[in-house]
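S.K.: Need a 3D model of the sequence below.
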Amino acid sequence: MNKILVLVSAVALFGASHATPYGLYGENALRGQSRLAMQEALLTFRSTCEEVSGSDAGYRKTISSLTPAIQCLAENVDTLQFSIDLADGSDTAEARQQIIDKYCPAFNESVACFDDVLEGVAMCGNDKVSTIKTMYKKMIHNMIDLMCKNNGQLLLEARTPEFRTCIQHVKENVKQCRISEIIRTRPISQFGEEGCSELKRSKKCIHEQISSCTTTAYEDIFNAIYDPMAETANCKLNVQSEFSENDI
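M.R.: This is a model prediction of the structure:
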């Protein structure tokens with residue numbers, strides 16, 4: 001399952017380098033570390049796609065679909081003005097809510113721009129394409145909803161030194177939370193009890209890593225990613241009885 005998330009990360013990083021508002025992290029950071037990470041992720045993307053699916057067709061579809069998707073996004077959302085509005089008028093909850101009300105509906109509608117991109121990424125997996133594509137779309141909508149709730153609190157937290165410190169901490173420690181190799185190579189729709197238990201262990205491990213962070217945003221971010229995975233794997237039905245539903 002880690003391999004699938006690598007593919008999603010590659011696409012997300014590529015899209016972020018073109019469309020993410022500078023007001024979130026700062027233009028220099030966007031052009032530096034994010035671009036380098038994007039390039040590294042795309043290299044991993046191609047090799048992983050071929051390894052998992054036995055073909056580079058998904059990689060080629062994803063890459064060829066990115067530019068039209070980003071152009072479609074730009075036609076639906078003025079991301080530059082969004083970043084300006086964030087920088088100039090996000091000091092109060094009321095001001096942030098006005099920005100949220102103005103842009104969030106368009107962000108949600110623009111997820112459709114990435115249908116072909118997500119289909120390409122899903123083709124790089126070992127499960128039914130439509131199933132994985134739906135899972136990815138739920139993740140994206142979850143992230144947009146998270147960005148837009150509580151008067152845009154996440155947008156405010158993402159600009160703090162504490163948020164960046166937590167990013168570095170997670171990067172340095174998240175490897176120990178990887179799902180086992182046996183589960184990673186199994187289609188998510190066929191996880192069963194073993195896969196769901198492993199997914200729970202991974203989620204708990206990440207929770208422990210971010211529990212020391214002063215910001216609560218990361219807990220919400222990982223839930224936005226894990227919840228569609230658990231739903232796709234049918235974990236609430238498959239998980240062993242001693243685990244409560246709230247753990248998955």
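S.K.: rest of the way, CA atoms for contacts and neighbours
M.R.: Noted.
S.K.: what about residue 39, helix or strand, and which?
M.R.: Assigned by DSSP states H and E, residue 39 falls within helix 35-53.
S.K.: Okay, buried residues for that helix please.
M.R.: 35, 38, 41, 42, 45, 46, 48, 49, 50, 52, 53 (16 or more other CA atoms under 10 Å).
S.K.: mind checking how far residue 60 is from residue 118?
M.R.: Distance of residue 60 to residue 118, computed by CA to CA, to the nearest Å: 12 Å.
S.K.: which of those two has more neighbours?
M.R.: Using other CA atoms under 10 Å, the more surrounded residue of residue 60 and residue 118 is residue 118, with 29 against 15.
S.K.: how about residue 213, secondary structure?
M.R.: coil (DSSP: H, G, I helix; E, B strand; the rest coil).
S.K.: Just confirm it contacts residue 161, I think it does.
M.R.: No - Residue 213 sits out of contact with residue 161 when judged by CA atoms under 8 Å, with a separation of 11.2 Å.
S.K.: between the two, who's got more neighbours?
M.R.: Per other CA under 10 Å, whichever of residue 213 and residue 161 has more neighbours is residue 213, with 18 against 10.
S.K.: Once you drop chain neighbours, what's closest to residue 218?
M.R.: residue 210 (6.8 Å; CA to CA, 6 or more residues apart in numbering).
S.K.: what does residue 188 give?
M.R.: Closest to residue 188 by CA to CA, 6+ apart is residue 233, at 5.3 Å.
S.K.: and the gap between residue 103 and residue 75?
M.R.: 13 Å.
S.K.: Which of those two has more residues huddled nearby?
M.R.: Between residue 103 and residue 75, residue 103 has the larger neighbour count (other CA under 10 Å), namely 18 against 11.
S.K.: give the contact list for that one.
M.R.: Applying CA atoms under 8 Å, 6 or more residues apart in numbering, we find residue 103 in contact with 77, 82.
S.K.: how close does it sit to residue 67?
M.R.: Taking CA to CA, one finds residue 103 at 21 Å from residue 67.
S.K.: same thing with residue 190?
M.R.: 33 Å.
S.K.: Check residue 156 too.
M.R.: 29 Å.
S.K.: how far does the one helix or strand residue 107 maps to sit from the chain's center?
M.R.: Assigned by DSSP H and E, residue 107 belongs to helix 93-109. With CA atoms, centre = their mean, to the nearest Å as the basis, helix 93-109 stands 20 Å off its chain's centre.
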